[in-house]
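A.B. asks: got a structure for you, letters missing:
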């Protein structure tokens, strides 16, 4: 093997530090998990150790002392030690997706394939957490963004019409309260109705007691599974399995669908509470300059700046948790919010000028 160049050694050391740090992230997450999740995370940590060994072998005596991983990996490790939540798994998913091994001739094809598979493994782990928080999280994000955008638009429109600072402040606070109550009530009705629809599709407990008395030859249970979308052969096999379990007393026969959709929907009160609180928090931000006595253009500028920063933050968080590009989501959120507020401000100028 030829002597590696200085640039190769630098790149290999960088990879070595990243693999060591990523393995530590998975190990830290595993300590906070149990069961299958823990085993999967430990297996990922072991895979990162294999990659680390590859770069150690190439470097040989040039490996030197442990280097510093890139900023993304260091932040990931810090968050993993502090939180260990779906947020960290979402970040890890993006880290795996950005692996350079596909185009690096010094990385083996197996290592490149590992990184692609790791992305899907982490995506699967993160999706479990996403499904658990999606109901209340959705309400919180929508509530915060609606509060930010709607109250900024309201405040700027009223301010542009030329009314007094006191009138703008009272209008903004009224918009905060009315919007928060409306959002909370709407979320409660929406989520509660969705859960009731799901509950109406859940098999009745009394139906299970009839399984052991079914005619084995007719096997009406097949129709249950065919109605759920199984092919006739699959339905017969599943029905025979349930009947056999029932007749031999091995397990309590279950007719439930395999997935629990209720968990992803959330609860009505949880969604309503999240929506109310986050709408109120978001709607308060554009009112702050008026609370502290700013007036006219200064208040408009500060309110727009504060809301813009908040929109960038919520957009980036949604992007990270969804596995998408955070910067693009943040800028999209900012453009939509500021665009709506600008349109209302111009309308206020027209009304005030008239």
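C.D. replies: Perfect, I can see it now. Just so it is clear, the structure is predicted and the values come from calculations on it, not from any experiment. Numbers count the residues shown, from 1 in each chain.

A.B. asks: Return the set of buried residues in stretch 276-286.
C.D. replies: 276-286 (16 or more other C-beta atoms under 10 Å). For glycine as for every other residue, the C-beta is placed from the backbone atoms N, C-alpha and C.

A.B. asks: Any stretches of the stretch 1-150 of the chain with poor pLDDT?
C.D. replies: In the prediction, the stretch 1-150 of the chain carries residues with pLDDT under 70 at positions 1, 66-87, 128-139.

A.B. asks: swap the cut-off to 90 and go again
C.D. replies: 1-38, 41, 56-106, 108-110, 112-146 (pLDDT under 90).

A.B. asks: Please determine how far residue 16 is located from residue 60.
C.D. replies: 12 Å (C-beta to C-beta, to the nearest Å).

A.B. asks: Was I right to think residue 29 contacts residue 88?
C.D. replies: Yes. With contact defined as C-beta atoms under 8 Å, residue 29 reaches residue 88; the gap is 6.6 Å.

A.B. asks: Stretch 304-322: which residues count as buried?
C.D. replies: Under 16+ other C-beta under 10 Å, the buried positions of stretch 304-322 are 304, 306-308, 310-312, 314-321.

A.B. asks: farthest pair in those?
C.D. replies: Maximum pairwise distance in the buried residues of stretch 304-322, criterion C-beta to C-beta, is 26.2 Å, between 304 and 321.

A.B. asks: got the domain boundaries for the chain?
C.D. replies: Using automatic domain parsing, the domains assigned to the chain come out as 6-130, 135-186+269-353, 203-256.

A.B. asks: Tell me which of the ones you listed lies nearest to residue 193.
C.D. replies: domain 135-186+269-353 (10.8 Å).

A.B. asks: I'd like the distance from that closest one to the chain centre, please.
C.D. replies: 22 Å (C-alpha atoms, centre = their mean, to the nearest Å).

A.B. asks: do stretch 41-53 as well
C.D. replies: The answer for stretch 41-53 is 25 Å, by C-alpha atoms, centre = their mean.

A.B. asks: cool, and stretch 16-33?
C.D. replies: 21 Å.

A.B. asks: hey, where'd the helices end up in the stretch 101-250 of the chain?
C.D. replies: 109-160, 165-200, 205-208, 221-227, 232-248 (DSSP state H, counting those that start in this stretch).

A.B. asks: how about those in a markdown table, adding mean neighbour count and distance to residue 272?
C.D. replies: Formatted as a markdown table, these follow (neighbours: other C-beta atoms under 10 Å; distance: least, C-beta to C-beta, whole Å):
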| stretch | mean neighbour count | distance to residue 272 |
| --- | --- | --- |
| helix 109-160 | 21 | 7 |
| helix 165-200 | 17 | 4 |
| helix 205-208 | 11 | 29 |
| helix 221-227 | 17 | 34 |
| helix 232-248 | 15 | 38 |
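
A.B. asks: need the domains of the chain in TSV with distance to residue 192, can you?
C.D. replies: Below are these laid out as TSV (distance: least, C-beta to C-beta, whole Å):
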stretch	distance to residue 192
domain 6-130	22
domain 135-186+269-353	9
domain 203-256	21
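
A.B. asks: Mind checking the helices of the stretch 101-250 of the chain for the one nearest to residue 56?
C.D. replies: helix 109-160 (13.3 Å).

A.B. asks: wait, isn't residue 47 in contact with residue 115?
C.D. replies: No. Using C-beta under 8 Å, residue 47 makes no contact with residue 115, being 9.2 Å away.

A.B. asks: Residue 16 and residue 60: which is more packed in?
C.D. replies: Set residue 16 next to residue 60 and count neighbours by other C-beta atoms under 10 Å: residue 16 wins out with 23 against 10.
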